[in-house]
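In: Give the three-dimensional model of this entry:
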Amino acid sequence: MSEHELHIKALKKVKSIRRLYIHMSLYVVMAGFFFLLNIVTDPFDMWWFFPILPWSVIISMHYIFVKGIPGTNILSKDWEEEEYEKQYEKLEAQHFLPEQKYLKTGEHLAYTELSIAEVLELRKMQQSGEKLGNEGF
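Out: Numbering: from 1, shown residues only. Prediction:
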């Protein structure tokens with residue numbers, strides 16, 4: 001990952017955390033407002049937590065989506081990226097041919113002095129020669 005991509009990723013993460021903190025601040029202010037409104041209008045009937053209760057669930061979900069489950073890394077963006085990498089590597093291992101593994105790393109095959117790119121080019125030439133009636137080989 002390039003430095004520019006890391007910068008953009010970090011910036012997105014900071015913005016999502018900033019939105020969470022704004023949401024939490026608004027929640028605290030509105031909870032205080034509802035509590036004061038309840039005390040002023042009818043101090044013997046405590047209704048202020050009814051509008052706050054669903055909002056508490058929503059803000060808890062917002063926190064989990066941004067930061068993950070507290071005390072763990074589960075369900076955070078980092079966990080999601082790590083899980084994606086694991087699944088991708090698992091699928092890649094199942095579907096890649098041995099030559100493609102070497103092609104990714106740029107290593108040479110053990111049984112030849114040619115690189116995998118050269119081996120693949122040679123195979124293409126051999127196949128095109130077979131199509132032409134083995135004129136080239």
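
In: Can you check the pLDDT for Asn73?
Out: For Asn73, the pLDDT comes out at 71.

In: That one in helix, strand or coil?
Out: Here Asn73 is recorded as coil under DSSP: H, G, I helix; E, B strand; the rest coil.

In: In contact with it, which residues?
Out: Asn73 sits next to Trp79 when contact means CB atoms under 8 Å, 6 or more residues apart in numbering. The C-beta positions use only the backbone N, C-alpha and C, and glycine is treated the same way.

In: Could you pull up the mean pLDDT of stretch 126-134?
Out: For stretch 126-134, mean pLDDT rounds to 66.

In: Check stretch 7-17 too.
Out: Stretch 7-17 comes out at a mean pLDDT of 85.

In: cool, and stretch 33-46?
Out: Computed over stretch 33-46, the average pLDDT equals 92.

In: ok, residues contacting it?
Out: Residues from elsewhere that reach stretch 33-46 (CB under 8 Å, 6+ apart): 47-49, 51-52.

In: Just among those residues, which is most surrounded?
Out: Ranked by the number of neighbours (other CB atoms under 10 Å), these place Trp48 first, at 19 neighbours.

In: Return the residues in contact with that residue.
Out: Applying CB under 8 Å, 6+ apart, we find Trp48 in contact with 31, 34-35, 37-38.

In: Mind checking which of those are buried?
Out: 31, 34, 38 (16 or more other CB atoms under 10 Å).

In: re earlier: name the nearest of the contacts of Trp48 relative to Ser56.
Out: Proximity of the contacts of Trp48 to Ser56 (CB to CB) peaks at Ala31, which lies at 8.7 Å.

In: Would you mind identifying the next helix or strand past the lengthiest helix in the chain?
Out: Assignment by DSSP state H gives helix 3-41 as the longest helix of the chain. Remark: after helix 3-41, the chain's next helix or strand is helix 49-67, criterion DSSP states H and E.

In: Please identify the buried residues of the helix or strand that that next one is followed by?
Out: Once the chain leaves helix 49-67, the next helix or strand it forms, by DSSP H and E, is helix 77-95. Using 16+ other CB under 10 Å as the test for burial, helix 77-95 gives Lys77.
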